[in-house]
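Enquirer: Got a predicted structure plus its sequence, pasted below:
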Amino acid sequence: MLTHLWKRFWFPALLIVGLLLMPFQNNADAASNLSFQTSLQNGQMVVTASFTNTNDGGNIGLIATGYTAEGEAISTKGGTAYIARGKTGNYQITLDHGDKIAKVIVVPADPLNPAGKLSSSAYYEGNGKGVVTAVVENGGEGRNIGVIAVGYDGAGKAIETKAATAYIGKNYVGNYQIVLDYAASIASVKTFISDTSNPTAKISSEATHKINGKTVVTAVVENGGEGRSIGVFAVGYDANGKAVTTKGSSNYLGKNFVANYQIVLDQTESIAGVKVYLADVSNPTLKLSSQANTLINGKMVVTAVVENGGEGRTVGVFAVGYDANGKAVTTQGANNYIGKHFVSNYQLNLDHGDKIASTKVFLVDLVNPAAKVSSLAYTPVNGTLNVTAVVENGGEGKAISATAVGYDANGKAISSKTSKMYIGKQFVGNYQFSLPNAGKIASVKITLSP
């Protein structure tokens, strides 16, 4: 674990004196055939090294790590050179934050592990950012290798995660730099190598940080399969485990790549915990991935994520709000275009939030080219009956008239209203009517006409 550099401001004078006095010529054990020297140039620590190869000729990597006077690793980099048997190869490795470095350690890479190995990692905080550097050595065939960093607060909670991918040739070392945004809140960092042995995608790490009234969710996904678009979605839960908000994001990941995701959730004051999920686009049909609701300023705010495993298309959803007796009191729909293997976010703001005890989100069924009523709801408001309806159109775009008729307990029509709107192909449209004599209306029906 790389601890937070909280002491970095009080020892600069002492460090500068130490740098002026320290001898920069270093010799490793003779058996290692490695020697190096360091010099401070323009704020960077330049490491010049030589290595004599007593084995068969090949690529040989060297790794340099710079430490503060307190022993904190703040910068690390590697270099690779081809060295024939019995010959000496030369290296120059430049470490950042050289004026903060009190000690440098240089080691040869160990390429015996064909799976790749995280050789070194370091962490430095400056200008409000946290910079993670890492070196990976690859003893196997050339390939893409990912490195993942997770930043933790003082309580050990993961608050930010990011990753990077580099191609590393056989017996080469690769350098990584990952910038974390919330350094002021980070107390420690862990760095690890991705595992892409699984041909399916997986979530490598996830983290949550509340800042400026928002909940910022970060996640890293690794893809061991062929390049493709991969979606994730986050769900925020309240203290009782109820889903209060949800949102998703999509990225294209190449084979053996890692990708970074950031999802910003609203309703932070209601969120007690967050969970990140990987979208499942193996099904060529659409799927409602997640749904959530919360009451805000008299409206029930419904959020949903839909994933599309098929070809890109316009996708409609509709939400229905129910009272404590299970009666539909309001409904609303929305449309989005979703690309192949992408996820999309929906937000529906339902009126009469104080009357809503539960909500449910539905995917529209557009296999039928004829227009149809997807949902119908109504509730009395100040003597009138507020009627809402969602109409879906599976055919060509056209203007569609909807007529709402209110019936009394005997089935007699006592009030009606008509509204007309244009609904595009595979879109949904929202209708709203105010019928008088709400106290006499026992039921409502909607009829459609071109």
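Expert: Nice, thanks for sending it over.
Enquirer: how near is D195 to I148?
Expert: 10 Å (C-beta to C-beta, to the nearest Å). C-beta here means a position set from N, CA and C on the backbone, and glycine is covered the same way.
Enquirer: So which of these two has more stuff around it?
Expert: More crowded of D195 and I148, by other C-beta atoms under 10 Å: I148, with 25 against 14.
Enquirer: tell me which element that one falls in.
Expert: Assessed by DSSP states H and E, I148 sits inside strand 143-152.
Enquirer: Repeat that for Y82.
Expert: Per DSSP H and E: strand 73-83 holds Y82.
Enquirer: got a list of contacts for the following helix or strand past that strand?
Expert: Sequence-wise, the next helix or strand downstream of strand 73-83 (DSSP H and E) is strand 88-95. Strand 88-95 is touched from outside by 33, 36, 44-53, 60, 62, 64-66, 75-79, 81-83, 101, 104, 106, with contacts defined as C-beta atoms under 8 Å, 6 or more residues apart in numbering.
Enquirer: Just the buried subset of those, please.
Expert: 36, 44-47, 49-51, 53, 60, 62, 64-66, 75-79, 81, 83, 101, 104, 106 (16 or more other C-beta atoms under 10 Å).
Enquirer: coming back round to it: who are the neighbours of the strand holding Y82, in terms of helices and strands?
Expert: Packed against strand 73-83, as judged by 3 or more C-beta pairs under 8 Å, 6 or more residues apart in numbering; DSSP states H and E, are the following elements: strand 44-52, strand 58-67, strand 88-95, strand 117-126, strand 129-138, strand 172-180.
Enquirer: Sheet-wise, list the partners of it with their directions.
Expert: strand 58-67 (antiparallel) (DSSP bridges).
Enquirer: which one of the helices and strands packed on strand 73-83 lies closest to D351?
Expert: strand 172-180 (41.9 Å; C-beta to C-beta).
Enquirer: shaky segments in the stretch 301-450 of the chain?
Expert: In the prediction, the stretch 301-450 of the chain carries no residues with pLDDT under 70.
Enquirer: can you pull out the strands in it?
Expert: For the stretch 301-450 of the chain, applying DSSP state E, counting those that start in this stretch gives strands covering 313-322, 328-338, 343-350, 358-363, 372-381, 384-393, 398-407, 413-423, 427-435, 443-449.
Enquirer: now what about the last one, what contacts it?
Expert: Residues lying outside strand 443-449 but in contact with it, judged by C-beta under 8 Å, 6+ apart, are 371-373, 376, 378, 385, 387, 389, 391, 400-407, 431, 435.
Enquirer: For L112, pull up the helix or strand it's in.
Expert: With DSSP H and E as criterion, L112 is part of no helix or strand.
Enquirer: From I148, how far off is the closest residue to it other than its chain neighbours?
Expert: Excluding the flanking residues, the one nearest L112 by C-beta to C-beta, 6 or more residues apart in numbering is G139, at 5.6 Å. To I148, G139 is 20 Å away according to C-beta to C-beta.
Enquirer: mind listing what the residue sitting nearest the centre point of the chain touches?
Expert: Residue closest to the mean C-alpha point of the chain, counted by C-alpha atoms, centre = their mean, is Y261 at 2.3 Å. The contact partners of Y261, by C-beta under 8 Å, 6+ apart, come to 217-221, 232, 249, 251, 276.
Enquirer: who does the closest residue to L180 other than its chain neighbours bridge with?
Expert: Excluding the flanking residues, the one nearest L180 by C-beta to C-beta, 6+ apart is G130, at 3.8 Å. On the basis of DSSP bridges, G130 is bridged to E125, L180.
Enquirer: Now for G130, how many residues are close by?
Expert: That count, for G130 with other C-beta under 10 Å as the rule, works out to 25.
Enquirer: and what of K425?
Expert: If we define neighbours as other C-beta under 10 Å, then K425 has 13 of them.
Enquirer: next one: V276
Expert: Neighbours of V276 using other C-beta under 10 Å come to 21.
Enquirer: Against T215, how distant is it?
Expert: For V276, the distance to T215 - C-beta to C-beta - is 12 Å.
Enquirer: re earlier: give me the common contacts of D195 and I148.
Expert: In contact with both D195 and I148: 204, 222, using C-beta under 8 Å, 6+ apart.
Enquirer: Does D354 touch I296 like I think?
Expert: No - contact between D354 and I296 fails when scored by C-beta atoms under 8 Å: they sit 11.7 Å apart.
Enquirer: Those two - which one has more neighbours?
Expert: Applying other C-beta under 10 Å to D354 and I296 shows that I296 carries more neighbours, namely 14 against 9.
Enquirer: Please list all residues in contact with the nearest residue to the more buried one once chain neighbours are set aside.
Expert: Distances taken as C-beta to C-beta, 6+ apart place Q267 nearest to I296, at 7.1 Å, with adjacent residues excluded. Taking C-beta under 8 Å, 6+ apart, we find Q267 in contact with 236, 244-245, 294, 296, 301.
Enquirer: cool, and V107?
Expert: 34, 62-63, 119.
Enquirer: And for S75?
Expert: Going by C-beta under 8 Å, 6+ apart, S75 touches 45, 65-66, 95-97, 101, 122, 124, 133.
Enquirer: From K398, how far off is it?
Expert: 64 Å.
Enquirer: Would you check how far apart V232 and V276 are?
Expert: 6 Å.
Enquirer: Give the residues shared as contacts by those two.
Expert: Contact with both V232 and V276 is made by residues 203, 219, 261, 263, according to C-beta under 8 Å, 6+ apart.
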